[in-house]
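**Student:** Any chance you can model this:
(2 chains)
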Amino acid sequence: MSIRERLSGNEAVAYAIKQINPDVMPAFPITPSTEIPQYVSTYIANGEMDTEFIHVESEHSSMSAAIGASAAGARTLTATSSCGLALMWEELYVAASDRLPVVLALVNRALSGPININADHSDSMGARDAGWIQIYAESNQEAYDNFIQAYPIAENPDVMLPVMICQDGFITSHGVENIELEADEDVKKFVGEYDPEHFLLNEKEPMAIGPYAVSNYYMESKRGQRQAMLNAKKVILEVAERFEKMTGRKYGFFEEYRLDDADYAIVIIGSAAGTAKAAIEEIRKTTGKKVGLLKIRVFRPFPEEEIAEALKNVKAVAVLDRSEMFSGTGGPLGAEVTAGLYRAGSKAEVVNYIYGLGGRDITVEDFERVYDELENMAATHEVKDNYRYIGLRERGDR
Amino acid sequence: MDNNLNKPYNFKEEMTTRKDRFVPGHRMCAGCGGAVAVRSVLRSLHDGDRAVIGNATSCLEVSSYMYPYSAYEDSYIHNAFENAGATMSGVETAYNVLKKKGKIDDTYKFITFGGDGGTYDIGFQSLSGAMERGHDFVYVCYDNGAYMNTGTQRSSATPRFADTTTTPAGKVKNGKVQVRKDLASIMAAHNIPYVGQTTFLGNFKDVYTKAEKAIYTPGPAFLNIMSPCPRGWGYNTPDMMEICKLAVDTCYWPMFEVVEGTWTLTYEPKKKLPIEDFLRPQRRFKHLFKPGNEYLIEEFQKEVDKNWKEIQVKCNM
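**Tutor:** Predicted coordinates:
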């Protein structure tokens, strides 16, 4: 039985945390995710949950303590943003290679410098090779729903990988929206108890974790992580199906919006998908042009074949990245989607745009321009510049 | 506190009845002080008590848990170089939660080891945070006075004038410029219930007693154990016990404990020896004995005397 509420993205995730009531949460404040540990601390102070909060002195220590707690057998989480995630970088790899199902509530924010507190995906994209499952949200509802699905994915014995649940800083984290919450007992039942097979405090079998492994073992441990990531694809869909049965809300690797008959498609991650949808409705109504959207939910594991299949009938694709990777050839989503289309033998024209860095707004008009450009590319079979910026200040602007 | 702590110390009994929890097969160098420190501390655990052993990246870590072999009878966690304090904070917190929820019922003790690099330097923030938060575990620094795992580079625990690979004694330089960081005092300033500084002396009473107190005092505890490194210090490997004796008899390495803020010297040399006696057998101080460098030894002596005076004041002597 769902409960109708109005919550910000941070509050929605904190509410899910309260309902799950995990064992241990080490965290260090950083804008714009600070509210998550604040809400959790208040729930604890009022006796509404009994998670042990560790007031660590840095994000490096929050992930370090999370690794210790998870290895000891506790259900563990933390929250952070931007530079906090960057400070954890070393530890993200350790959590994944130790195969610890830690969940991280990430509120996406630009990395320094210059220092900037607003949304972009450079933090999580920088961590894309760390071995974490990454799930992104467009809205507060999705952030809440994704968080509830995180532990059943992470703790599945075929997976045992950490999961990052991402939402856009301020836009989603601080924007208050209508939301449907599930009843406490339904959430608890859905998530279940965590009973790890191996853990430090197992009296029947001492465990050692975090070995020195040289060339004769290291590679197998990486191959094991790859297998877990492959296994996660099946588990993510199973968990989503179970979630749909409980809530009626359907999730997959991505959302296809007006894509079945689309000639021109945009691929995007996060909150800007909402603006893209508004543009699609406007274009279809006023011009009748067949425009559509593929909104990525699961970026790790990367559903390459499924994306290529969903885009097989489009004439032109624009991949929009909310982070730079300074390869000089585009953004991370652009590179991976393009590679997927190529491997699938796609003949579509593909262009990569960088948008919204450091919280730069993207508008319905921006999306309309992108669709116009896609139409032009499809007609001329010419992509003059396949790596562009949207919404840059013009020279001379103040 | 546990009653066991007040019983008389019988060396023979201690050595024959205590169970080894750090077992043969590890790959530490012959004569390594670090291995002696770990074995001594873990032998101080009471039979029947379980433990989780933590470890900062160090010589110890790469030599005692090289996949797939662990040298520990107990559960063990290594995470990284600079976060042994934070990692054990997580383990200890998980223990409290799981115990409260009735998921486990055994008694566990938590002991984490770091070298001076992982403790004085790169892991200092993580250690300070863990001690300040009051987690119930012992942080043991096996202090060999340099980054030995990477080949004897200077640390903030390296004594002044020591020849290391990043502070080499050369034609115009006389080894490390700065004096050692006094980490035990800094830990005592965290107002934690137990801080001890020790090394290997005689019948090991000091190290065993302090380790047991550190483990069985509720709340955070810090133990600093001078652990000679034959390769880094350049002394005759079988002479470790002599080197330790000279370190304490010259007052280079005072042995003390701070219990609930009260400082006590646990060893006072019958006759305070000149610092040369400690420096002479070690290759890292060889340049101090070149003609014309007598003033360096004088400066070293002055520093030792100053520290010794300070500690006597702290111990109300």
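**Student:** Counting neighbours, what do you get for residue 280?
**Tutor:** Let's take chain A. Look at A:Ile280: counted by other Cβ atoms under 10 Å in any protein chain shown, it has 26 neighbours. For glycine as for every other residue, the C-beta is placed from the backbone atoms N, C-alpha and C.
**Student:** right idea, wrong chain: chain B
**Tutor:** For B:Arg280, the count of nearby residues is 15 (other Cβ under 10 Å).
**Student:** I figured it was touching B:Pro274, is that so?
**Tutor:** No. At 9.8 Å, B:Arg280 does not count as touching B:Pro274 under the criterion of Cβ atoms under 8 Å.
**Student:** ok, which stretches of the stretch 101-250 of chain A are strands?
**Tutor:** Using DSSP state E, counting those that start in this stretch, the strands of the stretch 101-250 of chain A run over residues A:103-108, A:133-136, A:163-168, A:176-181, A:208-209.
**Student:** could I get those strands as JSON lines with distance to B:Glu294?
**Tutor:** Putting the strands of the stretch 101-250 of chain A into JSON lines (distance: least, Cβ to Cβ, whole Å) gives the following:
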{"stretch": "strand A:103-108", "distance to B:Glu294": "59"}
{"stretch": "strand A:133-136", "distance to B:Glu294": "64"}
{"stretch": "strand A:163-168", "distance to B:Glu294": "62"}
{"stretch": "strand A:176-181", "distance to B:Glu294": "76"}
{"stretch": "strand A:208-209", "distance to B:Glu294": "51"}
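**Student:** Just put those strands in a markdown table and tack on mean neighbour count and mean pLDDT.
**Tutor:** Listed next are the strands of the stretch 101-250 of chain A as a markdown table, based on neighbours: other Cβ atoms under 10 Å in any protein chain shown; pLDDT from 0 to 100:
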| stretch | mean neighbour count | mean pLDDT |
| --- | --- | --- |
| strand A:103-108 | 30 | 98 |
| strand A:133-136 | 26 | 99 |
| strand A:163-168 | 28 | 98 |
| strand A:176-181 | 16 | 98 |
| strand A:208-209 | 22 | 98 |
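**Student:** Could you point out which of these sits nearest A:Glu281?
**Tutor:** Nearest to A:Glu281, of all those, is strand A:176-181, at 18.6 Å by Cβ to Cβ.
**Student:** For the closest one, name the packing helices and strands.
**Tutor:** strand A:3-8, helix A:9-20, helix A:140-154 (3 or more Cβ pairs under 8 Å, 6 or more residues apart in numbering or on different chains; DSSP states H and E).
**Student:** Verify the assumption that A:Ile44 is located in a strand.
**Tutor:** No. Looking at A:Ile44 with DSSP: H, G, I helix; E, B strand; the rest coil, it is helix, so not inside a strand.
**Student:** mind showing which ranges of chain A have poor pLDDT?
**Tutor:** Chain A contains residues with pLDDT under 70 at A:1, A:398.
**Student:** how does it divide into domains?
**Tutor:** Recorded structural domains for chain A (assignment: automatic domain parsing) are A:3-247, A:254-389.
**Student:** At which residues are the strands of the stretch 151-300 of chain B located?
**Tutor:** B:194-198, B:221-226, B:256-259, B:262-265.
**Student:** Mind putting those strands into JSON lines with mean pLDDT?
**Tutor:** Converted to JSON lines, these look like this (pLDDT from 0 to 100):
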{"stretch": "strand B:194-198", "mean pLDDT": "98"}
{"stretch": "strand B:221-226", "mean pLDDT": "98"}
{"stretch": "strand B:256-259", "mean pLDDT": "98"}
{"stretch": "strand B:262-265", "mean pLDDT": "98"}
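**Student:** where along the chain do the helices fall?
**Tutor:** You didn't say which chain, so I picked chain A. Shown for chain A, the helices assigned by DSSP state H span residues A:9-20, A:35-45, A:59-72, A:82-87, A:89-97, A:122-126, A:140-154, A:184-191, A:215-247, A:272-286, A:304-310, A:332-343, A:364-380.
**Student:** that's the other chain; I wanted chain B
**Tutor:** B:11-17, B:33-43, B:59-64, B:84-100, B:116, B:124-133, B:183-188, B:205-216, B:240-249, B:276-279, B:294-314.
**Student:** burial count for residue 26?
**Tutor:** You didn't say which chain, so I picked chain A. Using other Cβ under 10 Å, the number of residues around A:Pro26 comes to 28.
**Student:** meant chain B actually
**Tutor:** For B:His26, the count of nearby residues is 19 (other Cβ under 10 Å).
**Student:** which residues touch it?
**Tutor:** B:His26 is in contact with B:Ala35, B:Ser63, B:Ser64, B:Ala71, counting by Cβ atoms under 8 Å, 6 or more residues apart in numbering or on different chains.
**Student:** can you tell which of the strands of the stretch 151-300 of chain B is closest to A:Glu193?
**Tutor:** Smallest distance to A:Glu193 across those (Cβ to Cβ): 33.8 Å, for strand B:221-226.
**Student:** who's in contact with that closest one?
**Tutor:** Applying Cβ under 8 Å, 6+ apart, the contact partners of strand B:221-226 are B:33, B:37, B:40-41, B:127, B:131, B:137-145, B:183-184, B:187, B:190, B:192-199, B:207, B:210-211, B:213-215, B:244, B:247, B:253.
**Student:** Need the buried ones from those selected in PyMOL.
**Tutor:** Applying 16 or more other Cβ atoms under 10 Å in any protein chain shown to the contacts of strand B:221-226 leaves a buried subset, and the PyMOL line that selects it is:
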select buried, chain B and resi 33+37+40+41+127+131+137+138+139+140+141+142+143+144+145+183+184+187+192+193+194+195+196+197+198+199+207+210+211+213+214+215+244+247+253
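**Student:** Find the residue at the geometric middle of chain B.
**Tutor:** A centroid search over chain B (Cα atoms, centre = their mean) returns B:Ile225, at 2.4 Å, as the residue closest to the centre.
**Student:** Would you mind measuring from the residue nearest to it when sequence neighbours are not counted to B:Ser227?
**Tutor:** Excluding its sequence neighbours, the residue lying closest to B:Ile225 (Cβ to Cβ, 6 or more residues apart in numbering or on different chains) is B:Ala37, at 4.4 Å. Look at B:Ala37 and B:Ser227: by Cβ to Cβ, to the nearest Å, they are 5 Å apart.
**Student:** residues shared between the contacts of these two?
**Tutor:** In contact with both B:Ala37 and B:Ser227: B:Tyr142, using Cβ under 8 Å, 6+ apart.
**Student:** what about the closest residue to chain B within the stretch 51-200 of chain A, how many residues close to it?
**Tutor:** Closest approach between the stretch 51-200 of chain A and chain B, counting by Cβ to the nearest Cβ: A:Gly68, at 2.7 Å. Per other Cβ under 10 Å, the neighbour tally for A:Gly68 reads 37.
**Student:** Right, I'll call it a day here.
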